[in-house]
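1. curious how this folds, go ahead:
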Amino acid sequence: MATYQSKGQKETVSRVMHEFKHGELETSRGRKVRNPKQAIAIGLREAGASKYESKKKNRENLKRTKARERRGAAEKDRKEPAGQTRAELYAEAKRRDIPGRSRMSKRELERALH
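-> Residues are numbered from 1 along each chain as shown. Predicted coordinates:
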């Protein structure tokens, strides 16, 4: 375990442990994490505080995690009408004549429209 953690690292580890406690933490393969030691390891790695990674890799991990957290917060803060179906999004994309719309997923349609 890391001997010193910055404020950002502590916040990240705290968030990961919160997800674990509420059964929301998943491995990279999509399985739920049930082992507390595994949850701690995931938290330290995401926070860039792992003793098994180089300093450079730890910095990259923290940078990636913080960017992902900012994106997640930005998506939560949006005040757009929730619950649009893919069909509704597709109809709007068709009205705006967005190319490639028929092959887009719901998330891709949302991105293309915003």
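
2. now the helices: where do they sit in the chain?
-> Counting by DSSP state H, the chain has these helices, from start to end: 7-21, 36-47, 55-77, 86-95, 106-113.

3. lowest-confidence stretch among these?
-> Note on the helices of the chain: helix 55-77 shows the lowest mean pLDDT, a mean of 84.

4. of the helices of the chain, which approaches Thr27 most closely?
-> Distance to Thr27, taken as Cβ to Cβ, is lowest for helix 36-47 among those, at 7.8 Å. Just so you know, the C-beta spots here come from the backbone N, C-alpha and C atoms, and that holds for glycine as well.

5. keeping just the C-alphas, turn that closest one into PDB.
-> Below are the C-alpha coordinates for helix 36-47, written out as PDB (Å, rounded to 0.1, in the frame of the first residue of the first chain):
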ATOM      1  CA  PRO A  36     -12.100  -6.700  -0.500                       C
ATOM      2  CA  LYS A  37      -8.300  -7.100  -1.200                       C
ATOM      3  CA  GLN A  38      -9.100  -7.100  -4.900                       C
ATOM      4  CA  ALA A  39     -11.100  -3.900  -4.400                       C
ATOM      5  CA  ILE A  40      -8.300  -2.200  -2.600                       C
ATOM      6  CA  ALA A  41      -5.800  -3.200  -5.400                       C
ATOM      7  CA  ILE A  42      -8.200  -1.800  -8.000                       C
ATOM      8  CA  GLY A  43      -8.600   1.400  -6.100                       C
ATOM      9  CA  LEU A  44      -4.800   1.900  -5.600                       C
ATOM     10  CA  ARG A  45      -4.200   1.100  -9.300                       C
ATOM     11  CA  GLU A  46      -6.800   3.600 -10.500                       C
ATOM     12  CA  ALA A  47      -5.500   6.200  -8.000                       C
END
